[in-house]
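Engineer: Please work out how this folds:
(2 chains)
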Amino acid sequence: MIKLLHLADLHLGRPFRMLGQRGSEQRRALQAALERAVALAISERVNLVLIAGDLFDSPKPSEGTIQFVTAQLRLLEDAGIRIAIAAGNHDMGRDEYVAAMTHLRDAAPAATFFGKSVESKVFPDLDLTLIGRSALAEGTGSPLSGWPRGRTTRFAIGLAHGSVFRPGVVETPHAIHPHEIRDLGLDYLALGDWHSAAEVLPPPTAAWYPGSPEWLAFDQDRSGHVLLIEIPEPGAARVTEHRVGRRRYERREINAAELDDLMLRRVIEDAADPELVFEVALSGLVPLQRTINTEMLERDLGERFFRLRVLNRTHLWLEDASLENLSDQTVLGRFVRLMRERIAASAEDERPVLEEALQVGAALLSGREVLA
Amino acid sequence: MILRRLRIQRFLGLTDATFEFAPGINVIVGPNEAGKSTLRRAIRTALYGNPAGTSAKIRDELRSWGESEASELYLEFEIDGREFALYKDYGARKIVLSGGGKTWDSHKLVQERLGDVLGLPSVELFEATAQVAQAELERIQLTSIAKELGRIVGGGGEDVTTAIRRLEQRIREMERGSRGMAKDPGVLKTLETRAVAFRTQVVQLTAAAADAERKQRELTQIRSQLAEREAEFEAKRALLEMNRQMLQDVERLEGLRQQETMLAEKMSQIEQTLTSLADLDRRLETATADGVPEEAATKSARSLMDRIAMREQEARHLRAGLEEQASALPTGRAWFGLLVLGIALAISGIALGITTAPYGWWLALAGGLVAAIGGWRRSQIAEDERRQMARRQEKQARLLDLDAEVVLDQQSFSDHLTRLRAGSLDQAEQRVRDYQDLVRARQALGDLLTAVRAGGSDDVLRDRWKKLRLDIFGIEEGLRAPEKAGRRLTPLEVQSLDVQVARISEEVKRAADRERRLTVELEHLRGDAETLTGLEEQLQETEDGLITARRQHAVYAAALDGLNEARKQAEIPVREVVSGKASEYLRILSEGRYERLQVEKDSLQVKVWSDAAGDWVLPEEPHLSRGTVDLVYLSARIALVGVLAEGKQPPLLLDDPFVTFDERRRAAASRLLRELSQTHQIFLFTSTRHFDKGADRLIELSIRGVEAGTPEESTRSRAPVEARPVGPLWEKS
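Structural biologist: Residues are numbered from 1 along each chain as shown, chains lettered A, B, ... in the order given. I've put the predicted structure just below:
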């Protein structure tokens, strides 16, 4: 039986601009995820670790990052685990292999590195053929083009970096098409590029994206995994996801119109987790009297999360009926009508500011504290 | 709008009560806690409350204590003579308005129309305008009439000026330092400054990173060159070393060869010497076999022979001398002649002298002298002849002796030759010389052999020679080895190579120095990669913050602009109406002492014309008395109802605003109430009985009644209101 550990898209050294001062913590978390993946590979005694591209975030990783990776590769090498690395679209060096390959090769002389050309490597003791290739520049063809068919060993697996065709999502002409994967007839195809774990095809020609082992950006709710693959016999790959990432990402849509401010705070507080990147999108129509201060929510509750982002996507509920509750003789009534006219006459992108201005003005006239 | 009847069930302190109202002045009198506030709230809730939209919490609050069912309110009212009944059930969360044979159960519809009729669309506005409380009068002592009026005109509960000032202040805070230096800059400036600082650092670090990259490239290049040059250096150095070694070997070989030649010669010399020695030994043996004459005897024979020769030579000399002596005997006749001549001359002279001339004497003297010399010489010669004769005799004797000795010596010599077994002395002497020569030659050869061997044995010398030849062979073989022979350089080439190696060594050293320097520099620069990323993140965070702050600023600016514009629009009618109506109310309340009010733009500051001062004065002490200030406020305040209700006449709920008035002013207040009752239904809630007389309906509440749940009512009605036909509520004419 062949046992593999498949990871990809670690993006070590990635800058996290949206995290500000906490960016360095997340970069360390990426390294910690690799450490856990390596520990898993050793404890599970896998035969081969497959890194399907974008191990680094840049073709010029920092010295510290390279040193960290070489130390991890050395651990695998010392444990007798084979390593195969393909370059992704982020970390391809000038030699078209993974960045800093010279250093990595020094650390793991037995490792297999794939460049832009399709190459095969046979592991006779495993009766296994590994075919692989690094990412191709956009528009230069499918990464699986020109791959050999048929096999000379009992097992055959592949390693590539690129996007799979998905109707409506990925429709570029050079995307990997599932029928290409089927035609290759590999027992398992280790893919990289997508940052969320996803099964592309089931056995007998199983193909997976493991996603990023650690959270990288908003909108990634299936990151944090590596894949453990067992192939007891050809065409029977069993894939299990193993969580190595610590950070979780959750996006929650909350209809602010259904909750008062207290309840809204409570809902966010209930999700508190120092490892959680929590993105709250407030939606719904809120009345004039309701001013939602996302900044204050982030400030007050942010410390309970690794990162809290509250997006205000609510809209002002200003129907004619509610206007009639406001006397035209009061400043408030005049103000609301005036602002409403301005909102109606404004460009689409100016509306949110005017709507908020309307809420702020109304709140001030109502004696509510809204000036952050 | 005229409220006619209100039935209250399970509402706060009133379990079940029904109140009848008059169209004019309704005075609700009772002590504190008798239910005045409950009734006032019940009226308000009946007009504006939404049973469907009220939270369970509020519903529970409204329900009378101890009751399980929620509150119900039933209000009957008239609008332009048309009668309506409004039912609100907080338990069933329903609302029903009926009138003119129709029924409506939508709170929204009902509320829209009621708001329209009242001129006050929201409960907040109703509370702010149609309710006048004693607390307001207390408040204006703490704040100002303008502020209180601003609060009402604002329509939301906050004074407009305060709201605008707060917004302006906030905007100023945000902008602080944006247009110049500020000690404590606002958020915009702070974030801009921070962003600029971060950006500068990012630029610097990016430049440093580029520098690091350039250095890294240079380092890689230098390392590659260094490796090449080191390899070249090693190769050339090895070649140089090999050739140096080969040159040393050649030199050594030369020396060894010389040694070998010398040693070979020495060996040959030894051989030859040994051969010569053997030959000499043979010759010596031969020489000694015939016997070697004794050297002493030979010498003795030689001396004997020499003595014989000497004596024979002496004898020959003696004989020759004797023969010469005999032929050369001296003669004295000349000298005798001279003597005779002299005598003759002397006599002739004497004779002449005596006789003839003086010169005879001189001639006599000269003859005498010549006669003397001749005479002296004649005697000497005679002596010599005598001595020669004596010597001749001696010589002859000696000659005889010599001849005898020669005979003896010749005999002795002959004996010696016999003993020397030689035919002649020369032969004997030759044999001695030959023997001595052989002995000397052997001695010389022996010495030579010793010198050549130099204390060593011939075997040692032979071993040394052998070893030398082996060494020479080894070196020659080494030099002939293909790996050396093929790389052998000429001395000139070696010299050139030496220069090259020195040059490469210098280059390698320089490259190594540069590599070390670059490595150190890179070590310093490398730490900056993480810093740069961190800074970029902080820059992004700051820029995001700046975007948010600018947006917030834009929001506040838009709000401020809107508020200012709205205030401008709203204030004009407010000022006009308030100035007119309020002046009238003030005239009534002040019994004509003050009758002109004006409201200032923006600040809504009210001013009163004071005849005493002959000017507009602010309604505050010391310009006006405390009581007059209250009158000014009430006048303006009540006038505002008309403005804010847009000409409609909502019922006025007055919560004891005249409680502090003295009797005279109470009378004035009664007159004002009567004036107001012409246009508004009045509800005066009071704990005093001062207004009982002026009431069209007097409702008395007591604590006991409240406690019992049924208020005690006493009614004093004026003329009943004439009923007019009732039409649909929303059919506005």
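Engineer: tell me the domain boundaries of the chain?
Structural biologist: You didn't say which chain, so I picked chain A. With domains defined by automatic domain parsing, chain A comprises A:2-243, A:249-365.
Engineer: hm, I was asking about chain B
Structural biologist: As given by automatic domain parsing, the domain ranges for chain B are B:188-284+B:485-547, B:294-420.
Engineer: Show me what from the stretch 201-350 of chain A comes close to chain B.
Structural biologist: Residues of the stretch 201-350 of chain A found near chain B, taking CB under 8 Å from any CB of the partner chain as the criterion, are A:295, A:321, A:324-335, A:338-339, A:342. From N, CA and C alone the C-beta is placed, and that goes for glycine too.
Engineer: Pull out the buried residues from these.
Structural biologist: For those, a burial check counting by 16 or more other CB atoms under 10 Å in any protein chain shown picks out A:324-335, A:338-339, A:342.
Engineer: So which of those is the closest to residue A:356?
Structural biologist: Top of the list for closeness to residue A:356, among these and by CB to CB, is residue A:339 at 10.2 Å.
Engineer: State the pLDDT value of the closest one.
Structural biologist: pLDDT, the model's per-residue confidence, is 91 for residue A:339.
Engineer: In a strand, it, correct?
Structural biologist: No: the assignment for residue A:339 by DSSP: H, G, I helix; E, B strand; the rest coil gives helix, which leaves it out of any strand.
Engineer: so it makes contact with residue A:360?
Structural biologist: No: under the criterion of CB atoms under 8 Å, residue A:339 lies out of contact with residue A:360, with a separation of 10.0 Å.
Engineer: list the contacts for the closest residue to residue A:195 other than its chain neighbours?
Structural biologist: Spatially, and ignoring its direct neighbours in sequence, residue A:195 is nearest to residue A:212 (4.4 Å; CB to CB, 6 or more residues apart in numbering or on different chains). Neighbour list for residue A:212: A:8-11, A:195-196, A:220, A:223-224, A:245 [criterion: CB atoms under 8 Å, 6 or more residues apart in numbering or on different chains].
Engineer: name the helices or strands packed onto the helix or strand harbouring residue B:326?
Structural biologist: Secondary structure assignment for residue B:326, by DSSP states H and E: helix B:295-327. The elements that helix B:295-327 packs onto, with contact taken as 3 or more CB pairs under 8 Å, 6 or more residues apart in numbering or on different chains; DSSP states H and E, are helix B:358-419, helix B:425-453.
Engineer: The last one: which residues count as buried?
Structural biologist: By that I understand helix B:425-453. Applying a neighbour-count criterion of 16+ other CB under 10 Å, the buried positions in helix B:425-453 are B:425, B:428-429, B:431-432, B:435, B:438, B:441-442, B:445, B:448-449, B:452-453.
Engineer: Please name the nearest non-neighbouring residue to the residue of chain B found nearest chain A.
Structural biologist: Going by CB to the nearest CB, chain A is nearest to residue B:155 of chain B, at 2.5 Å. Residue nearest to residue B:155 in three dimensions, not counting chain neighbours: residue A:330, with 2.5 Å by CB to CB, 6+ apart.
Engineer: Likewise for residue B:368?
Structural biologist: For residue B:368, the closest residue by CB to CB, 6+ apart turns out to be residue B:346, at 4.5 Å.
Engineer: Give me the neighbour count for that neighbour.
Structural biologist: Neighbour count for residue B:346, taken as other CB atoms under 10 Å in any protein chain shown: 20.
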